[in-house]
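# Next one to model:
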Amino acid sequence: MKNSLIALSTLLMLGGTASAQKVAFEEYDLDNGMHVILHNDNSAPVVITSVMYHVGAKDENPTRTGFAHFFEHLLFEGTQNIKRGEWFKIVTSNGGTNNANTTEDRTYYYEVFPSNNLELGLWMESERLLHPVINQIGVDTQNEVVKEEKRLRYDNSPYGQLIPEVKKNMFKNHPYRWTTIGSMDHLDAATLEEFQAFNKKFYVPNNAVLVVAGDISNVTQTKEWIQKYFGSIPKGAAVTRQTFVEEPITQTIKARYEDSNIQKEMVVAAYRTPSMKTRDARVLDMISSILSDGKSSRLYKKIVDDKKMALQIGAFSYNQEDYGTYILYGLPQGEFTSENILAEVDAEIVNLQTNLISENELQKLKNKYDNTFVDSNSSVEGIADNLATYYMLYKDVNLINTEVEMYRSITREEIRDIAKKYLNPNQRLILDYVPAKDKADTK
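Numbering: from 1, shown residues only. Predicted coordinates:
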C-alpha cells in the first residue's frame, strides 16, 4: 500500500502540468442548487472528487464556536451505508487518499483516486451529504480529537496564541474575532441536537460546490453519475447570513499576551485589510512580498542580516472573504528591543509610502506571481481546490485563469498608494507577545 500511495502521489504531481497555463472547465447547476464544476485532464490516470461547503467559523453562534471545524472531523465518522471507522479503510483499500480542511469562510472535503474509482468517490461524497450519522458516540469521539489538536497546535505550541490574540483584538463585531478551533467549553456544552441542526442548516446541496478534476474523459458518464448520486438530494432551506461591519481603526490598539511556552518576546504589528476579493488585497500581497518574502526581502536584509537586530522577521497576509489581516512580527535579539524593531519596520513602510519601487523590483514581483500561478495549478489537487474556492468565495471560477493578470497589471504607484492607505501607525494593533514571568529569559 505504501508503494501504491507513493506512486499515486507522483502521478498527482505530474497531473495537470501540461495545462497549468490554462485551466479548461465546465460548470452547471443541479436542480437542487448544487453547483458542479468539471475539469478534464488525461495526463495522469487520477481523479479528485471534492465538495466545498460555504460554512466556516464565521457562521457559528458566538456561544458555540468551533462547530465548522468540528464537522470537518465529524463527517468522517460514517454514514447510513458506510460503517463507523470504515471511511478511511475504503479510500486506502482502493488506492486513494483523502482529507478535509476548514477556514473562517468554508469547509472542504476531497478524495483522490485512480480514475477507475471515480464513481466510488462521487458515491462517498454524496453519502457524506445525504446520509451522515451524527450521534453521541461520534460527537464524544471527535470532541477528544479536537481537544488534542487544540493542545498541540495552540495551547502547548510556542507562539501558538499569536493568531487567536490578533483576531481577538482586531475584530470586535465580526465573527473573525475567534479561531476555527473554537472554544472547548462551547463544544462540551453543545447538545447532540445542536450538532444535528448545524448539519441540517449548512450541509445542503444549495450551499455546496462539487468539483471533479482529473482523468474524466467520459464526461457524459461522469454527469450521469453526478445526477444519480447528487441529483435526488433534497434542496435545503436558503442559508441567510448576517453582515458584520467593523469600524475603521483610527487609533493604535495596544495589547499584551504572556505565553508560558516561550522564552523570547515577539513584537507583532497587525493591520486590518479589505476582502481578499478586492484589488487592494492583491496589491497588499505584493507589499508583503516586498517587505518580508524570503531572505532577499527588505525587512530581512535590513533587520536580520545587516543590523543583526532580530533572530527572525516576517509578515503574512491572512486573507479572508470579508476582511483580511496583515501581520508583521519580529523576534529581537541581544540588546535590541521590540521598540527598536518596530521603528525599523515603520521606516521601511514609510519608504514604500514615499518612494516608488524600481521597475526591476516590480518585474521581479510579477515574475514571482507568475510562478505562483503556475505552481497553484500544477496538480489536480491544486486545480480542484482553486476551482471550488473561486466559485464559492469569489463568485468567478475563471479567476483560476485570469487572476494573474490582475497582479501583472499592478503599478508602482498603486503599491505606494495602497501602503499609504492601509499601513499607518494609527490603523494597527501592536501586540507585545512575551514570555510568562516564570519563563522569561533572564540573560
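# Helices of the stretch 201-350 of the chain, start to end?
219-230, 279-292, 298-299, 338-354 (DSSP state H, counting those that start in this stretch).
# Give me the residues contacting the first one.
Translated: helix 219-230. 26, 30, 32, 34, 36, 38, 40, 118-119, 122-123, 125-126, 129, 205, 210, 212, 216 (Cβ atoms under 8 Å, 6 or more residues apart in numbering). Where you see a C-beta, it was placed from the backbone N, CA and C, and this is true even at glycine.
# Centre of the chain to that helix, how far?
Distance of helix 219-230 from the chain centroid (Cα atoms, centre = their mean, to the nearest Å) equals 29 Å.
# ok, back up a step: specify the stretch among the helices of the stretch 201-350 of the chain that is closest to Lys307.
Using Cβ to Cβ as the measure, helix 338-354 is the one of the helices of the stretch 201-350 of the chain that comes nearest Lys307, at 7.2 Å.
# Which members of the contacts of helix 219-230 are classed as buried?
Buried members of the contacts of helix 219-230, counted by 16 or more other Cβ atoms under 10 Å: 30, 32, 34, 36, 38, 40, 118-119, 122-123, 125-126, 129, 205, 210, 212, 216.
# Now the residue nearest the centre of the chain. Its backbone dihedrals?
For the chain, Thr103 is the residue whose C-alpha lies nearest the centre (Cα atoms, centre = their mean; 5.2 Å). Its backbone dihedrals place Thr103 at phi -130, psi -170, with angles given as degrees, to the nearest 10.
# circling back: could you list which of the buried ones among the contacts of helix 219-230 belong to strands?
In strands, judged by DSSP state E, the following of those are found: Val36, Leu38, Asn40, Leu210, Val212.
# which of the residues you listed lies closest to Arg151?
The shortest separation between Arg151 and any of these is 34.5 Å, and it belongs to Leu210 (by Cβ to Cβ).
# need the contact list for that closest one.
Contact analysis of Leu210 by Cβ under 8 Å, 6+ apart lists Met34, His35, Val36, Ile37, Thr49, Ser50, Val51, Glu125, Ile226, Phe230.
# Is the second one bridged to anything, and to what?
Here His35 sits in beta bridges with Asp29, Val209, going by DSSP bridges.
# how near is it to Ile226?
11 Å (Cβ to Cβ, to the nearest Å).
# number of nearby residues for Asn61?
The number of residues packed around Asn61, counting by other Cβ atoms under 10 Å, is 12.
# Now do the same for the closest residue to it other than its chain neighbours: its pLDDT.
Across the structure, with Cβ to Cβ, 6 or more residues apart in numbering as the measure, the residue nearest Asn61 apart from its sequence neighbours is Phe67 (7.7 Å). On pLDDT, Phe67 comes in at 98.
# okay but Phe67 is in contact with Phe195, surely?
Yes. Taking Cβ atoms under 8 Å as the contact criterion, Phe67 and Phe195 are neighbours in contact, 7.4 Å apart.
# on that earlier part again, dump the residue contacts of the residue nearest to Asn61.
By Cβ under 8 Å, 6+ apart, the neighbours of Phe67 are Glu60, Asn61, Gly182, Leu187, Ala190, Phe195, Phe198.
# Now do the nearest residue to the first one once chain neighbours are set aside against Val166, distance only.
Across the structure, with Cβ to Cβ, 6+ apart as the measure, the residue nearest Glu60 apart from its sequence neighbours is Phe67 (5.0 Å). Phe67 sits at a distance of 22 Å from Val166 (criterion: Cβ to Cβ).
# what's the answer for Glu125, then?
34 Å.
# wait, isn't Ser289 in contact with Arg298?
No. Here Ser289 does not reach Arg298: they are 10.0 Å apart, not a contact under Cβ under 8 Å.
# Just the strands from the stretch 101-250 of the chain, written as ranges.
Chain-ordered strands for the stretch 101-250 of the chain, with DSSP state E, counting those that start in this stretch as the definition, fall at 107-114, 208-214.
# now for the longest one, which elements pack on it?
Same thing as strand 107-114. Taking 3 or more Cβ pairs under 8 Å, 6 or more residues apart in numbering; DSSP states H and E as the contact definition, the neighbouring helices and strands of strand 107-114 are helix 2-14, strand 46-53, helix 67-74, strand 97-102, helix 118-130, helix 380-392.
# is it possible to export the ones you listed to CSV including distance to Thr337?
CSV is the format used below for those (distance: least, Cβ to Cβ, whole Å):
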stretch, distance to Thr337
helix 2-14, 45
strand 46-53, 45
helix 67-74, 37
strand 97-102, 38
helix 118-130, 52
helix 380-392, 41
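# Pick the most buried one from those.
For the helices and strands packed on strand 107-114, the largest average neighbour count (mean count of other Cβ atoms under 10 Å) is found in strand 46-53, namely a mean of 28.
# chain center to it, what's the gap?
Distance of strand 46-53 from the chain centroid (Cα atoms, centre = their mean) equals 16 Å.
# CA-only coordinates of that strand in PDB, if you can.
These are the backbone C-alpha positions of strand 46-53, laid out as PDB (Å, rounded to 0.1, in the frame of the first residue of the first chain):
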ATOM      1  CA  VAL A  46      -6.100  10.100 -11.300                       C
ATOM      2  CA  VAL A  47      -9.200  12.000 -10.400                       C
ATOM      3  CA  ILE A  48     -10.300  14.100  -7.400                       C
ATOM      4  CA  THR A  49     -13.800  14.400  -6.200                       C
ATOM      5  CA  SER A  50     -14.300  17.300  -3.800                       C
ATOM      6  CA  VAL A  51     -17.100  19.300  -2.200                       C
ATOM      7  CA  MET A  52     -16.700  22.700  -0.700                       C
ATOM      8  CA  TYR A  53     -19.400  24.000   1.700                       C
END
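# what pairs with it, and is each one parallel or antiparallel?
Strand 46-53 pairs in its sheet with strand 107-114 (antiparallel), strand 208-214 (antiparallel), by DSSP bridges.
# contacts for the longest one?
Put plainly, it is strand 107-114. Residues from elsewhere that reach strand 107-114, judged by Cβ under 8 Å, 6+ apart: 8, 12, 45-53, 55-56, 68, 71-72, 75, 91, 94-102, 120-121, 124-125, 128, 380-381, 384-385, 388.
# at 6 Å what do you get?
If you take Cβ atoms under 6 Å, 6 or more residues apart in numbering as the criterion, strand 107-114 is touched by 45, 47-53, 55, 68, 72, 91, 95-98, 100-101, 121.
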